[in-house]
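kindly generate the corresponding structure for this input.
(chains A and B)
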2 protein chains.
Amino acid sequence: MENFEFYNPVKILFGKNQIEKLNELIPYGSNIMLTYGKGSIFKNGVYTDIKKYLNGYKIIEFGGIEPNPTHETAMKAVDIVKNEKIDFLLAVGGGSVIDATKYIAASVYFTGSDPWEILLKGAKVEKSIPIGTILTLPATGTEMNGNSVISKKTTQEKLSFSSKKVMPQFSILDPGYCTTLPPKQVANGIVDAFVHVIEQYMTYPAGGNLQDRMAEAILKTLIETAPAVYNNPADYGSMANLMWCSTMALNGLISVGVPEDWATHQIGHELTAFHGLDHAVTLAIVLPGLWSVLKEYKKNKLLQYANRVWAINNGNDDEKIDKSIAMTIDFFEKLGISTRLGTYGISEPTIDLIVERFRKRNWKGIGDRELITPEIVKEILIHQL
Amino acid sequence: MENFEFYNPVKILFGKNQIEKLNELIPYGSNIMLTYGKGSIFKNGVYTDIKKYLNGYKIIEFGGIEPNPTHETAMKAVDIVKNEKIDFLLAVGGGSVIDATKYIAASVYFTGSDPWEILLKGAKVEKSIPIGTILTLPATGTEMNGNSVISKKTTQEKLSFSSKKVMPQFSILDPGYCTTLPPKQVANGIVDAFVHVIEQYMTYPAGGNLQDRMAEAILKTLIETAPAVYNNPADYGSMANLMWCSTMALNGLISVGVPEDWATHQIGHELTAFHGLDHAVTLAIVLPGLWSVLKEYKKNKLLQYANRVWAINNGNDDEKIDKSIAMTIDFFEKLGISTRLGTYGISEPTIDLIVERFRKRNWKGIGDRELITPEIVKEILIHQL
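Below is the predicted model of the structure:
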């Protein structure tokens, strides 16, 4: 096991009616900006509840944050925050809203020339406005970490940053607000959480035995929960399990002391940047290709995954691995998500653009041992045509 | 799943040489009390390292904290803390030292007549001195929670309290300091962590699917790690896994949203109070008796445990459960811990004393559904004669 530090002070309030505690969580007299997305908060009941339990608070609303939230939108919010002297950000929605809110919180006090440097150059976040979240879409895990992924329209880039300074002070997770989600969004959330776990697990054996088993615990729970919650998002018990899985998938616990990969995400982000594909869809496409191409490098963990997650015990090593990849594809496709680029009208020219971008950035190889060169990125994507 | 709140701001620094960060963790100028036990800190190297990395700090030493730490000893420390105006407590040792330090920290500012009321009457801890810990014995999980168990010599009582106010600010977990532990203490630590998980798991199905699988992840990792670390505590990798398992076993994560039991602990505490048995030994004795007597009430979870933790798939339900109990006993006994009262010279008169104590306290039944009356306590202990 490698050395690690773990510190996660996000307070989680999970379950029915936890929103009633909002006025204990946000100091009275705060100058709040309520951030949200395309308006689902007006349908699932959360907006009415916020108004009720923050009665008497000064609240400025900032809606319209898009899926794959943009730098451009966040900068508009930053102007308002500065002009209105906002001192608390309440993010209500899914991962996009919360990620954008983290970027807003970090940008307000940024002293460099352009907050985009936080993502592009890893400029340090020195200070941030406090954030609270009410999650209405289980998927990204952003409600219990310091991560944020932001896109820039003008350059078609999608990059991420991470800072303890933007970890929410609290996050309210009420599965009741998620029961009206369209099945497509539920499917995306399941795949997103699943691949988050995979990025922290499918590397090479590193002596983190509990971390491995905890990762497998989340994967197995997602597999077991998926059909029920996908077919009936109104099933509170299943939604509760999905919600807690997606939070636990990326709150830092399963990655302590072990290597991580994240190549699937890095390649997937480019598919979103160029073609606007849903984040989860890009992961479902890239993952099987990456495993197929890197089968030898990931052999030990793929075999462990086949055995412990899918209970595959027959056949030789190759057959076991192939079967585990096939079962993973089947899992994604049963959620209505095709793992083939062709389905989305993406062909070789886009692949060439993506590979060129990896080349230009002059990055070392990506993945757990930086083995994935631009040429291997090409191989992975061609595998999924 | 039941509603829950989760908040654990303890900073964990895990691995080799993390002690080098001590002077970043404790503000310079602090007036420190260094609490420790019977002197193992002078053998495992930690004392020398503390002196090195806290060079220039004002440190008062308070040693001699006993296993099953007592109210009486803690009160001596409280006097010194008050007289010397101590403002930081650095606990170095195992669970006993850390538990005692939490009680010291809570007692200093206690405004009632006797700090023992915190344990006896659940008096609230309003304020506490900040605590940091350096763990040298993986077992109780106290390094990442707000719990403390204290004994009172004069009344032969052993009680616990829990408060967020006494959660350590940081805990340093360096498996390197544990490699000189005697195998007996390693065995106790394994059993302690194992039964902590069980108390949060072996109840009844409550829809906490991920919590169940995470509990099973810890149990399986302990079972897989136990032989290596028991036979060779100097094996860093195995000790690291044991250490992280024992911390994760009681940091509050696996119990969120699900019922808990703790009857094994409550009955076990009385065996320690009357006969001075090691805490872990009492758990190994009580657990198989409790399962055998309450087999019907815990049937669903016992079957899940048999299947998922021990891979028992053959036989009827009764046979599966009996086999899982037998395998658990075998697991404890292979660690050199007998599960029979007779081995420790304990017979029916002691059982009668214990049952009488449960009766006198006029408690409702104990356990997850308060089913365990004093009569059932008797049955459980007689089962283990």
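
helices of the stretch 201-350 of chain A, start to end?
Secondary structure of the stretch 201-350 of chain A by DSSP state H, counting those that start in this stretch: the helices cover A:209-231, A:236-248, A:263-275, A:279-293, A:299-308, A:317-334, A:348-360.

and chain A, what are its domains?
Here the domain assignment for chain A is A:11-177, A:179-383, based on automatic domain parsing.

Serialize the ones you listed to JSON lines and add fields for mean pLDDT, distance to residue B:9 and mean neighbour count.
No exception for glycine: its C-beta is placed from N, CA and C like everyone else's. Output for these, formatted as JSON lines (pLDDT from 0 to 100; distance: least, Cβ to Cβ, whole Å; neighbours: other Cβ atoms under 10 Å in any protein chain shown):
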{"stretch": "domain A:11-177", "mean pLDDT": "96", "distance to residue B:9": "9", "mean neighbour count": "20"}
{"stretch": "domain A:179-383", "mean pLDDT": "96", "distance to residue B:9": "13", "mean neighbour count": "20"}
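
tell me which of these lies nearest to residue B:316.
Of all these, domain A:179-383 sits nearest to residue B:316, with 22.6 Å by Cβ to Cβ.

rewinding a little: dump the domains of chain A to CSV, plus distance to residue B:34.
What follows is those, written out as CSV (distance: least, Cβ to Cβ, whole Å):
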stretch, distance to residue B:34
domain A:11-177, 29
domain A:179-383, 28
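
dump those domains into TSV; add distance to chain B as well.
Formatted as TSV, the domains of chain A follow (distance: least, Cβ to the nearest Cβ, whole Å):
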stretch	distance to chain B
domain A:11-177	3
domain A:179-383	4
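
nearest to residue B:382, of those domains?
If you check each of the domains of chain A against residue B:382 by Cβ to Cβ, domain A:179-383 wins as the nearest, at 36.6 Å.

which residue is nearest the centroid of chain A?
Taking Cα atoms, centre = their mean, the centroid of chain A lies closest to residue A:140, which sits 2.9 Å from it.

confirm for me that that one is in contact with residue A:246.
Yes - between residue A:140 and residue A:246 there is a contact under Cβ atoms under 8 Å: 7.2 Å.

any shared contact partners between the two?
Here residue A:140 and residue A:246 have A:192, A:196 as joint contacts, going by Cβ atoms under 8 Å, 6 or more residues apart in numbering or on different chains.

in chain A, which strand is the longest?
For chain A, the longest strand by residue count, based on DSSP state E, is strand A:4-14.

neighbouring strands of that one in the sheet, and parallel or not?
Here strand A:4-14 is paired, per DSSP bridges, with strand A:170-173 (parallel), strand B:4-14 (antiparallel).

out of those strands, flag the one nearest residue A:287.
Using Cβ to Cβ, the strands paired with strand A:4-14 put strand A:170-173 closest to residue A:287, at 26.2 Å.

distance between the ends of stretch A:356-368?
21 Å (Cα to Cα, to the nearest Å).

also stretch A:58-73?
Taking Cα to Cα, the first and last residues of stretch A:58-73 lie 22 Å apart.

show me how far that stretch is from its chain's centre.
Mean-position distance between stretch A:58-73 and its chain equals 18 Å (Cα atoms, centre = their mean, to the nearest Å).

for stretch A:218-235, same thing?
18 Å.

residues in contact with that stretch?
With Cβ under 8 Å, 6+ apart, stretch A:218-235 has contacts from A:178-183, A:186-187, A:190, A:193-194, A:197-198, A:201, A:238-239, A:241-242, A:245, A:248-249, A:254, A:305, A:309, A:331, A:334-336, B:209-210, B:213.

right, and residue A:177 touches residue A:138 too?
No - counting by Cβ under 8 Å, residue A:177 stays clear of residue A:138, with 10.2 Å between them.

which SSE is the residue nearest to the centre of chain A in?
Counting by DSSP states H and E, no helix or strand carries residue A:140.

phi, psi of it?
Dihedral pair for residue A:140: phi -90, psi -20, per degrees, to the nearest 10.

grab the nearest non-local neighbour of it.
Leaving out its chain neighbours, the residue that sits closest to residue A:140 by Cβ to Cβ, 6 or more residues apart in numbering or on different chains is residue A:95, at 3.1 Å.

one more: residue A:201?
Counting by Cβ to Cβ, 6+ apart, residue A:215 is the residue found nearest to residue A:201 once chain neighbours are left out, at 4.0 Å.

picking up where we left off before, next, format the helices of the stretch 201-350 of chain A as TSV and append distance to residue B:263.
Formatted as TSV, the helices of the stretch 201-350 of chain A follow (distance: least, Cβ to Cβ, whole Å):
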stretch	distance to residue B:263
helix A:209-231	26
helix A:236-248	26
helix A:263-275	46
helix A:279-293	44
helix A:299-308	32
helix A:317-334	40
helix A:348-360	58
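
quick one: closest of the ones you listed to residue B:146.
Of the helices of the stretch 201-350 of chain A, the one closest to residue B:146 (Cβ to Cβ) turns out to be helix A:236-248, at 21.2 Å.

packing partners of that closest one?
Counting contacts by 3 or more Cβ pairs under 8 Å, 6 or more residues apart in numbering or on different chains; DSSP states H and E, helix A:236-248 is packed against strand A:4-14, strand A:170-173, helix A:183-199, helix A:209-231, helix B:209-231.

could you dump the second one to PDB, C-alpha only?
Spelled out, it's strand A:170-173. Provided in PDB are the C-alpha atoms of strand A:170-173 (Å, rounded to 0.1, in the frame of the first residue of the first chain):
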ATOM      1  CA  PHE A 170     -22.800  20.100   3.400                       C
ATOM      2  CA  SER A 171     -24.700  18.100   0.800                       C
ATOM      3  CA  ILE A 172     -28.300  17.100   1.100                       C
ATOM      4  CA  LEU A 173     -29.000  13.800  -0.600                       C
END
